[in-house]
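[1] Got a predicted structure plus its sequence, pasted below:
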Amino acid sequence: MSRFGYAAAAIAVMAAVTFLTRALPFLLFDRGERPPQLVLYLGRVLPPAVIAMLIVYCLRTVRFTAPGLWLPQLISVAAVIALHLWKHNNLISIFGGTLLYMFLVQTVFV
Amino acid sequence: MDRKAMAAAFPATVPVLLGYLAIGMAFGFMLEAIGYNFIWAFFMSLTVYAGSGQYLGVTMLASAAALGEVAFLTLIINFRHLVYGLSMLEKFRGMGLRKLYMIFSLTDETYALLASARAPVGIDPRNYYFSIALLDHSYWILGSVIGAMLGAALPINTQGIDFAMTALFIVIAVGQWESYKSHLPAVLGAGAALLFLILVGQEQMLLPALAVIVAGLMALRSRLDEGEPEEKEAEV
């Protein structure tokens, strides 16, 4: 498959699966009956667990063999948390942390 | 198109306008950096329309992930949408064909707006909800196209820009940490992910981690299940 053919297929898969996750509650529970308690419970407790898992996944390439492979991540993660606890502004936290990380990997830990 | 509803909905969507332009631009930038131009950004934002899903999508496109993996990762990152749908069952009732679009466009931000939305007097609520959804979607497309075009035009070193995705998840996690009574689910999620990162490595960690998370949450149900949901904080 060509690179662009692959990309088109991957985007189609993402679109279909994303729509499915949004449509599922309507397909299953739109006839008036209340969803099972277990579904409601998982719907409540899964999001924080999944997000925490994805943070670890995002940081999976961290290695402790050289400072440049873990220190920029550590500093930037701490900065995002601090910014967000302080300002509670999504944009400031995300952009502040990302710019700091870009600065660190491009100039400090080259 | 109900122009009065559109005009009434616009002020409510301004926070999302600012947020989507910024986050959408960062997405377009990242996509351009791995070699897909604004046309790709346009179609991806038009058809997928999911903030964190598309950020993860850039990573998957860059590494040419297998389509099965793309499906699986998209599924778990969007799993939280299940909760959103459950609380919109009533609101979307009787919207006819537009209901399909409302379901398709139920992002974190649109959910947050709709959850608290009250149509002004004299405006049909269904047209009002539909206008909110449509405006938000157009901001997202616009932001990502602008970002991709800027990325192509500006000679900027984009190394490290993928950290935006990590930052996005951390912001969501901090919000959840503050609004959830129990931190056990978050700790369980991070712990399971770390465990399988060490045990099976970064390529295969997600599936076993997710299985352990679901099993663990079911085992902890008597401790964690406190009945009615708390008010959820808006996520990116």
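    Happy to help now that I have it.
[2] Point out where chain B drops to low pLDDT.
    B:1, B:227-236 (pLDDT under 70).
[3] show me where it has helices.
    B:3-33, B:38-47, B:51-62, B:67-77, B:81-86, B:98-104, B:108-116, B:125-153, B:163-179, B:184-200, B:206-219, B:221-224 (DSSP state H).
[4] Check which residues of the helix or strand harbouring A:P48 are buried.
    For A:P48, the host element (DSSP states H and E) is helix A:37-58. In terms of neighbour count (16 or more other CB atoms under 10 Å in any protein chain shown), helix A:37-58 has its buried residues at A:39-58. From N, CA and C alone the C-beta is placed, and that goes for glycine too.
[5] re earlier: now the helices of chain B in JSON lines, with distance to A:L85 and mean neighbour count?
    Below are those laid out as JSON lines (distance: least, CB to CB, whole Å; neighbours: other CB atoms under 10 Å in any protein chain shown):
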{"stretch": "helix B:3-33", "distance to A:L85": "19", "mean neighbour count": "20"}
{"stretch": "helix B:38-47", "distance to A:L85": "31", "mean neighbour count": "20"}
{"stretch": "helix B:51-62", "distance to A:L85": "21", "mean neighbour count": "23"}
{"stretch": "helix B:67-77", "distance to A:L85": "24", "mean neighbour count": "19"}
{"stretch": "helix B:81-86", "distance to A:L85": "24", "mean neighbour count": "22"}
{"stretch": "helix B:98-104", "distance to A:L85": "34", "mean neighbour count": "18"}
{"stretch": "helix B:108-116", "distance to A:L85": "20", "mean neighbour count": "20"}
{"stretch": "helix B:125-153", "distance to A:L85": "26", "mean neighbour count": "21"}
{"stretch": "helix B:163-179", "distance to A:L85": "7", "mean neighbour count": "23"}
{"stretch": "helix B:184-200", "distance to A:L85": "15", "mean neighbour count": "19"}
{"stretch": "helix B:206-219", "distance to A:L85": "25", "mean neighbour count": "18"}
{"stretch": "helix B:221-224", "distance to A:L85": "24", "mean neighbour count": "12"}
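[6] Serialize those to TSV and add fields for distance to chain A.
    Below are the helices of chain B laid out as TSV (distance: least, CB to the nearest CB, whole Å):
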stretch	distance to chain A
helix B:3-33	5
helix B:38-47	4
helix B:51-62	5
helix B:67-77	4
helix B:81-86	3
helix B:98-104	5
helix B:108-116	10
helix B:125-153	12
helix B:163-179	4
helix B:184-200	3
helix B:206-219	5
helix B:221-224	6
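[7] Export those helices as a markdown table, with columns for distance to A:D30.
    Output for the helices of chain B, formatted as a markdown table (distance: least, CB to CB, whole Å):
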| stretch | distance to A:D30 |
| --- | --- |
| helix B:3-33 | 24 |
| helix B:38-47 | 24 |
| helix B:51-62 | 23 |
| helix B:67-77 | 21 |
| helix B:81-86 | 9 |
| helix B:98-104 | 9 |
| helix B:108-116 | 16 |
| helix B:125-153 | 16 |
| helix B:163-179 | 27 |
| helix B:184-200 | 27 |
| helix B:206-219 | 24 |
| helix B:221-224 | 25 |
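[8] who's in contact with B:L197?
    Listed by CB atoms under 8 Å, 6 or more residues apart in numbering or on different chains, the contact set of B:L197 reads A:V56, A:Y57, A:R60, B:M205.
[9] contacting residues for the last one?
    Residues near B:M205 by CB under 8 Å, 6+ apart: A:Y57, A:R60, B:A193, B:F196, B:L197.
[10] Who are the contact partners of the third one?
    Okay, so that is B:A193. B:A193 touches A:A52, A:M53, A:L54, A:I55, A:V56, A:Y57, B:M205, B:L206, B:A209, counting by CB under 8 Å, 6+ apart.
[11] go on, the second one?
    Neighbouring residues of A:R60 by CB under 8 Å, 6+ apart: B:L197, B:Q202, B:M205.
[12] okay, now the domains of chain B?
    Using automatic domain parsing, the domains assigned to chain B come out as B:3-153, B:180-224.
[13] now for those domains, which one comes closest to A:V105?
    domain B:3-153 (13.8 Å; CB to CB).
[14] Kindly check the end-to-end length of that closest one for me.
    One end of domain B:3-153 sits 36 Å from the other (CA to CA, to the nearest Å).
[15] can you redo the domains of chain B as a markdown table with distance to A:G97?
    What follows is those, written out as a markdown table (distance: least, CB to CB, whole Å):
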| stretch | distance to A:G97 |
| --- | --- |
| domain B:3-153 | 12 |
| domain B:180-224 | 18 |
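[16] For B:L168, find the nearest of the ones you listed.
    Using CB to CB, those put domain B:3-153 closest to B:L168, at 5.9 Å.
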